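K.L.:
Just to be clear, the model below is a prediction. Sequence and coordinates:
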Amino acid sequence: MSKNASNDFGKNQRPDNPQEMLKNNFYFSGLIAAEMSCSIIKTTNKKPNDYYYMVVLTVTNADRKLLNEVNRVVMNNRGVISPVKGAYNLSARGKSKVRTALNFLEMYPIPIGDLAKNRILLLKTVLVYLESHRAHRFQKEKTIEIEELRRKLREVKTRGIVDQQFDLLPLDQDSLGYFIAGVIDGEGSFGYKSSGLVQEPFFMIAMKDKKIIELINKFVNYGNVRLRKDGVYHLEINSRIILKKVCKMFLNQYPLHHERQRKRLMLLQQLLNDYTPRSLKPVVLENVI
């Protein structure tokens, strides 16, 4: 199989004029990096003992309005939103719809994250292969190749094993800021925790994609990334000075889109600005959980 699927896919998707690119669209690349799942479904055809493969890209989030926005911007309203336990799935199913989403990611690529970027690379590889092996005479060869790609997607998901490692793309600071805002809307958490008699404010984010967490660490220029026992990389900030900067950054400069996340961040900012040991009352933040 060609190792140049990434290069062959979506040619001429980037606009000639850089001004046509909207930096704030990197927000959606960040949300996808944090919340996507990719799969290749083996589906039975109408004919007996016949089957075909369907590619699926899914973004999961509890904010339906946010997924509507993702559907409009990333999938040209071609995706389908369905409820799951405690959240919603936005799915692009089939070659054409998945290609639409991947074309967006050609224009606004995920800048870092070996797990996310390998998932996207595998989807591109599947699409290129399926396009070039349509005839029934390729069925046996197709089965071998696609089953291997399915195995690789499972290994990325369950064991974090990837074929390729990637360096950070040379994007400007604003594009990275919007990307990080999307990641935070997907995987970030704001709140407080008990520290003696005081409620200690915090920002926390945890992912299996180590390089994304390291990027956030460098971007805010504070904290340490640690590997938890469950195999997830964890970054937490408790400094009130740094938290004030984080609140200002992701409310104003690179604003979050997730409604509850924004409310929690606004309340955290209010608590930090009005801070006294008695002012951090648990009921305040619990109202928007």
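P.N.:
Everything's here; your move.

K.L.:
Could you use CA atoms for every contact and neighbour count after this?
P.N.:
Fine.

K.L.:
Could you pull out the strands in the stretch 51-200 of the chain for me?
P.N.:
Counting by DSSP state E, counting those that start in this stretch, one finds strands in the stretch 51-200 of the chain at the ranges 51-61, 80-84, 87-93, 188-195, 198-207.

K.L.:
can I assume residue 105 is in contact with residue 28?
P.N.:
No. Counting by CA atoms under 8 Å, residue 105 does not reach residue 28; the two are 9.0 Å apart.

K.L.:
Neighbour count: these two, which is higher?
P.N.:
residue 28 (28 against 21; other CA atoms under 10 Å).

K.L.:
That one falls within a strand, correct?
P.N.:
No. Read with DSSP: H, G, I helix; E, B strand; the rest coil, residue 28 is helix and lies in no strand.

K.L.:
who are the neighbours in contact with it?
P.N.:
Contact analysis of residue 28 by CA atoms under 8 Å, 6 or more residues apart in numbering lists 70, 74, 179, 182.

K.L.:
can I assume the second one is in contact with residue 108?
P.N.:
No. Under the criterion of CA under 8 Å, residue 74 is not in contact with residue 108, lying 10.0 Å apart.

K.L.:
show me where the stretch 1-150 of the chain has helices.
P.N.:
According to DSSP state H, counting those that start in this stretch, the stretch 1-150 of the chain carries its helices in the segments 5-8, 26-35, 64-75, 95-107, 114-132, 139-159.

K.L.:
Output the contacting helices and strands for the last one.
P.N.:
If you count contacts as 3 or more CA pairs under 8 Å, 6 or more residues apart in numbering; DSSP states H and E, helix 139-159 packs onto strand 36-44, helix 114-132.

K.L.:
any idea which of these is most buried?
P.N.:
Counting by mean count of other CA atoms under 10 Å, helix 114-132 has the highest mean neighbour count of those, with a mean of 21.

K.L.:
I'd say residue 61 and residue 34 touch.
P.N.:
No. Assessed by CA under 8 Å, residue 61 is found out of contact with residue 34, at 10.0 Å.

K.L.:
Give the intersection of the neighbour lists for those two.
P.N.:
Residues touching both residue 61 and residue 34 (CA under 8 Å, 6+ apart) are residue 186.

K.L.:
okay, the two: which has more neighbours?
P.N.:
The neighbour comparison of residue 61 against residue 34 (other CA under 10 Å) goes to residue 34, with 26 against 22.

K.L.:
circling back: quick one: closest of the helices of the stretch 1-150 of the chain to residue 88.
P.N.:
Nearest to residue 88 among the helices of the stretch 1-150 of the chain is helix 64-75 (6.5 Å), distances taken as CA to CA.

K.L.:
Run through the neighbouring helices and strands of that closest one.
P.N.:
The contact analysis (3+ CA pairs under 8 Å, 6+ apart) places helix 64-75 against strand 87-93, helix 95-107.

K.L.:
which one of those lies closest to residue 228?
P.N.:
strand 87-93 (25.3 Å).

K.L.:
what angle separates that closest one from strand 51-61?
P.N.:
Interaxial angle of strand 87-93 relative to strand 51-61 (axes from the mean of the first three to the mean of the last three CA atoms, to 10 degrees): 140 degrees.

K.L.:
what's next to strand 87-93, contact-wise?
P.N.:
Looking at what lies outside strand 87-93 - CA under 8 Å, 6+ apart - the contacts are 54-64, 67, 71, 75, 78-83, 98, 101.

K.L.:
where are the low-confidence patches of this protein?
P.N.:
1-21, 47-49, 134-138, 275-289 (pLDDT under 70).

K.L.:
run the last query once more with 80
P.N.:
Low-confidence segments of the chain (pLDDT under 80): 1-21, 44-50, 133-140, 194-198, 275-289.

K.L.:
Specify the residue ranges that define each domain of it.
P.N.:
12-110+114-159, 173-286 (automatic domain parsing).

K.L.:
mind listing what residue 35 touches?
P.N.:
59-61, 186-187.

K.L.:
Try it again at 10 Å.
P.N.:
29, 58-61, 89, 116, 182-183, 185-187 (CA atoms under 10 Å, 6 or more residues apart in numbering).
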